[in-house]
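# I'd like to go over a predicted model; first the sequence, then the structure.
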2 protein chains.
Amino acid sequence: MQKKEVTIYDIAQALQVSPATVSRGLKNHPSISKKTCKKIQETAQKMGYRSNALASSLRTSRSFTLGVIVPRLDSNFMSTVLAGMEKSAVELGYHLIIMQSFETDEKEKECARLLFNHRVDGLLVSTSAERGHTEHFAPFLTKNIPVLFFDRVPLDPHPFSSVTINNQRAGYELTKIMLEKGARQLLHVTGNTNLRVYKERLDGFRSALKEFSISILPDHIWQTNLGVEDGIRAAEKILRMKTLPDGIFVANDTCAIAIINHLQKHDIEIPDQIQISGFNNDPFASLFTPQLTTVQYPGTAMGERAVTTIVDLIKNKNKSPKREELDFTLIPGSSTL
Amino acid sequence: MQKKEVTIYDIAQALQVSPATVSRGLKNHPSISKKTCKKIQETAQKMGYRSNALASSLRTSRSFTLGVIVPRLDSNFMSTVLAGMEKSAVELGYHLIIMQSFETDEKEKECARLLFNHRVDGLLVSTSAERGHTEHFAPFLTKNIPVLFFDRVPLDPHPFSSVTINNQRAGYELTKIMLEKGARQLLHVTGNTNLRVYKERLDGFRSALKEFSISILPDHIWQTNLGVEDGIRAAEKILRMKTLPDGIFVANDTCAIAIINHLQKHDIEIPDQIQISGFNNDPFASLFTPQLTTVQYPGTAMGERAVTTIVDLIKNKNKSPKREELDFTLIPGSSTL
DNA sequence: TCATTTTGTGCAATCGATTGCGTAAAATAA
DNA sequence: TTATTTTACGCAATCGATTGCACAAAATGA
C-alpha cells in the first residue's frame, strides 16, 4: 500500500550517479558542478523526494531542534514568549519541542531527560516553582549542549545562560509610584518566592519602602498562587483588615485585576482608597476600569532573544554562558493616583 | 573533550553480550531472561547510557512526535488547547513540535513540509485564515500519516479527522438569549468568515434571527480581526449609528470586552441600552463588570481529545477519519439581560 | 606535447538502534 | 538415557544521509 520512501539512493540510481553526489548536489555543495546540482534537484522534485531529517540528524548529530520546558503553556505571558521563540527558531532553521513541567521538579527532570534523548541542540527552560534543582541539566553540560533559562531562572548559582528582566527595579518602581502619591500602608501580594522573579519583585518592593523609611512587617507580604481565585481570597482578607491598606503591589495582572474587581464590588474606591499596581501588562489589563498600572513585560522579545542567543551558543560552542537583561516599560494607569 | 556517546554496543561489550540482547534487554523483551535484563539495565544506568531516539526512529520509522500547526501561539484559547495537547501527548509517550502559520497558507504549507521531513507520526492543524487549501497535506495522506484539524477546520471537504464544537448552535443560543430579552436591532461582529468557525457562528446568528422573523441586512454583520483595536473601532462605528443596536453578538471575548469598555466610556449602559455577548470564556471575561455572557469553549479538552484521537489513528492505521464535536457550555452573564 | 593543477565524482565507513531468523543450551517429556 | 520442546541469545541486514579520502577527467601551464 504505503508508497515506498524516495531516498537519495533512488535519485542516484535514476541519474546514474552515486548517492554521495546526490547528497552533495541537493545542498549545492561547491565540489559538484552546477549542471549536476540542477539535474539532481529537479529529479528529486520530480520523484517527490523528501529529505529524512532523522537520518541526517543521526549522522551529523545535529537535530536543529530546540527543547523548551515551561511551567505551563496556558499562560498569557508564556504564550507570548513561545510565539517569539517559534518565530526566531524557524527563521534560524530550528524548531521547537515544547513541554510542560507543571511546576514540579519531578516533571521538569523528566522533560529534560526526554529532550536529551531526543538530541535537542539546545534547551530553553523557565524553571518550575519548586525549589529548583539544576542537576538534571548536568548531562547537557557534559555533552556541551547549551542550556538557557528565561524569565524564571534558578536561585542557585549555575553555569548556564539566561534572559530576564530586572524584576527588582520594576518592583521598586511600581511601589515607588504609589509611595510618591502618598500611600503608606502597603501590601505586597506575591507568588512563590522560591522563584527568583517573585523574590526580586519583593526585593524591589522592600527597597522602595526602605527608601521611604517604612518598616516592613511580614504580614504585609502575602504569598499566593496569583490566580483569580487567589485574588478573590486576598480581597476578602483585605476587607476584613482593621485598617485598610492604601496601596497594593500585586505581582501579576491576573491577580491584581481579580482583587480590584472584588474590592470594587464591596464599594472600595480604586485608586482613591487603595492604589493598586500589577505586573505583566496582560492584553486585557488596559481594558479594565480603572486601567491598571503595570509593567510591560517584553514576552515576544524575550522569546526571540532567548532563541537567537542559544543558537549563537550552539554555533560557537566555545563561547561562555551569557546573562542578558531586557528592558521593561512602566505603564502608568489609573489604578494608581 | 566531549565525552563519547554511550551506546548499546558499549554496554554489550561491557557485559559480553550482543547489542541485540542489550536492545531487547533495555525494554524487557520477553525473550531475554529477567536476570540479563536487570544486569543490562543496571549497567546502562551505571554507564550513563541514554537511548538515541533518532537512531531508534530512523530504524522503526516511528518518531513518537506529533506536529502541531496553529495560526499563532499567543492566543488565550490556543494556549489552552496546546496545554491539553502536551499533557495528553506526554501521557501517551509522544511529544509535540509546535509551529505557527501566522494565518497564511504559505507558511502553513512550509510548516507542513518541515514537519513531514521530520517524520512526525501525526499532524494536528488549526487552519490559517486565508482561503485554506489542503493540498499540502496530501503527502501525509499518501504516506498514511493521520492529519487532524481542530477548532478551525477547512471549509472544503477533506478526507481528514477533526475535533470541533458546534459553533452554529452556540452562535444560535447566544443570539437567542438577547432576542428573548427583547433585542430586535442586532449586530454581529465577526472574524474572517472564510473560517468555518466564524462562518458557523454567523449561521447560528442568522438562524436565530430567522426564528424571530427578523430580516438580516448585510450591514448588520461586520467582519473584523476581532482584536482589541478592532473592538474599539467597532465601538466608534456603533456610536456613530443613527439608531443604536440593542444587541451585539461578538465572535470572541477579547473584542466583545473592548467594545463594552469603549461604549461604557461613552456612557452607554450595558446591558440596558445594548446587550452584548462574546465567545470563548477567556479567563478575564468573568472579571469584567458587567460580566460577559459567553460560551465556555473547552480548550484543554479539545487539545486532549485531538491527541488521543490522533494517537488512536496512528496505532490503528486502518481506521477511517473521525469527526468529533465537543460540548460547549453557555455562560450567562450580566452583559445581557 | 607532457606535466601540473583544478574539478567533479565515487567508495565505503559511519551514526545507533532494531528485528527476523537461526541455533545452542537448558528444561521437560518419554 | 534419548527425544522433544522451551528458553535465551547472537548474526547480520537495515533505516537514509553524510563525508574523508582517493582518483579519473578536464583544464591549465610550460
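Yep, that arrived.

# Quick check, A:Gly227 in contact with A:Cys255.
Yes - when contacts are counted by C-beta atoms under 8 Å, A:Gly227 is listed as touching A:Cys255 (6.6 Å). No exception for glycine: its C-beta is placed from N, CA and C like everyone else's.

# show me the contacts for the residue in the stretch 151-300 of chain A that DNA strand C sits nearest to.
Proximity of the stretch 151-300 of chain A to DNA strand C (C-beta to the nearest atom of the strand) peaks at A:Phe160, 23.8 Å away. The contact partners of A:Phe160, by C-beta atoms under 8 Å, 6 or more residues apart in numbering or on different chains, come to A:Thr134, A:Phe137, A:Leu141, A:Pro146, A:Val147, A:Leu148, A:Phe149, A:Pro321.

# Give me the distance between the closest residue in space to A:His118 that isn't next to it in sequence and DNA strand D.
Nearest non-adjacent residue to A:His118, counting by C-beta to C-beta, 6 or more residues apart in numbering or on different chains: B:Ala53, 4.7 Å away. For B:Ala53, the distance to DNA strand D equals 12 Å [C-beta to the nearest atom of the strand, to the nearest Å].

# quick one: B:Ala53 from DNA strand C, how far?
From B:Ala53 to DNA strand C the distance is 8 Å (C-beta to the nearest atom of the strand).

# wait, doesn't that residue sit right on A:Leu115?
No - using C-beta under 8 Å, B:Ala53 makes no contact with A:Leu115, being 9.7 Å away.

# If you count surrounding residues, which of the two has more?
A:Leu115 (26 against 22; other C-beta atoms under 10 Å in any protein chain shown).

# re earlier: which one's more surrounded, A:Gly227 and A:Cys255?
A:Cys255 (29 against 15).

# thought that one was touching A:Glu229?
No - with contact defined as C-beta under 8 Å, A:Cys255 and A:Glu229 do not form a contacting pair (9.3 Å).

# quick one: stretch A:98-107 near chain B?
Yes - against chain B, stretch A:98-107 shows contacts by C-beta under 8 Å from any C-beta of the partner chain at A:Ile98, A:Met99, A:Gln100.

# Pretty sure the first one sits in a strand.
Yes - inclusion of A:Ile98 in a strand is indicated when DSSP: H, G, I helix; E, B strand; the rest coil is applied.

# ok, A:Thr65 to B:Thr65 distance?
To B:Thr65, A:Thr65 is 10 Å away according to C-beta to C-beta, to the nearest Å.

# How about A:Ile248?
45 Å.

# Just want to know which of these two has more residues nearby.
Neighbour totals were compared for A:Ile248 and B:Thr65, and A:Ile248 leads with 31 against 22 (other C-beta under 10 Å).

# I'd like to know which elements the host helix or strand of the more buried one is packed against.
Taking DSSP states H and E as the definition, one finds A:Ile248 inside strand A:247-250. The elements that strand A:247-250 packs onto, with contact taken as 3 or more C-beta pairs under 8 Å, 6 or more residues apart in numbering or on different chains; DSSP states H and E, are helix A:167-180, strand A:186-190, helix A:253-265, strand A:275-277.

# can the last one be found next to chain B?
In other words, strand A:275-277. No - remark: strand A:275-277 sits outside contact range of chain B, by C-beta under 8 Å from any C-beta, the gap being at least 13.5 Å.

# now the third one
Yes - using C-beta under 8 Å from any C-beta, helix A:253-265 comes into contact with chain B via A:Thr254, A:Ile257, A:Ala258, A:Asn261, A:Gln264, A:Lys265.

# Sort out which one of the residues you listed lies nearest A:Leu292 for me.
A:Ile257 (6.5 Å; C-beta to C-beta).

# My read is that the closest one contacts A:Phe284, right?
Yes - with contact defined as C-beta under 8 Å, A:Ile257 and A:Phe284 form a contacting pair (7.4 Å).

# Give me the domain ranges for chain A.
With domains defined by automatic domain parsing, chain A comprises A:8-51, A:63-164+A:299-325, A:167-297.

# follow-up on the earlier one: make CSV out of the residues of stretch A:98-107 next to chain B and add distance to A:Val197, pLDDT and neighbour count.
Shown next, in CSV, are these (distance: C-beta to C-beta, whole Å; pLDDT from 0 to 100; neighbours: other C-beta atoms under 10 Å in any protein chain shown):
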residue, distance to A:Val197, pLDDT, neighbour count
A:Ile98, 20, 97, 26
A:Met99, 20, 97, 25
A:Gln100, 18, 97, 24
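
# any chance of these in CSV, plus distance to B:Gly122?
Below are these laid out as CSV (distance: C-beta to C-beta, whole Å):
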residue, distance to B:Gly122
A:Ile98, 16
A:Met99, 17
A:Gln100, 19
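
# Contacting DNA strand C as well, which ones from these?
Residues of these in contact with DNA strand C (C-beta under 7 Å from any atom of the strand): none.

# Relative to DNA strand C, which of those residues is nearest.
A:Met99 (20.7 Å).

# Which residues are in contact with the closest one?
Taking C-beta under 8 Å, 6+ apart, we find A:Met99 in contact with A:Gly67, A:Val68, A:Ile69, A:Val70, A:Cys111, A:Leu114, A:Leu115, B:Glu86, B:Val90, B:His95, B:Leu96.

# For the second one, list the residues it contacts.
What that stands for is A:Val68. A:Val68 neighbours (C-beta under 8 Å, 6+ apart): A:Leu82, A:Met85, A:Leu96, A:Ile97, A:Ile98, A:Met99, A:Leu123, A:Leu124, A:Val125.

# Between all of the residues you listed, which two are separated the most?
A:Leu82 and A:Leu123 (14.5 Å).

# So for these two, which residue has more residues nearby?
Shown here are A:Leu82 and A:Leu123; by other C-beta under 10 Å, A:Leu82 has more neighbours (28 against 23).

# Excluding chain neighbours, give the residue nearest to that one in space.
Using C-beta to C-beta, 6+ apart, the nearest residue to A:Leu82 is B:Leu73, at 4.9 Å.

# For the stretch 201-337 of chain A, which residue gets nearest to DNA strand D?
A:Lys315 (14.3 Å).

# And the pLDDT at that residue?
Looking at A:Lys315, its pLDDT stands at 93.

# count of residues packed around it?
A:Lys315, neighbours per other C-beta under 10 Å, totals 11.

# Also A:Phe137?
A:Phe137: 22 neighbours (other C-beta under 10 Å).

# DNA strand C versus the nearest residue to it once chain neighbours are set aside, what's the distance?
Spatial nearest neighbour of A:Phe137, excluding adjacent residues (C-beta to C-beta, 6+ apart): A:Val147 at 5.1 Å. Going from A:Val147 to DNA strand C by C-beta to the nearest atom of the strand gives 20 Å.

# And A:Val147, how far from A:Ser79?
Separation of A:Val147 from A:Ser79 (C-beta to C-beta): 22 Å.
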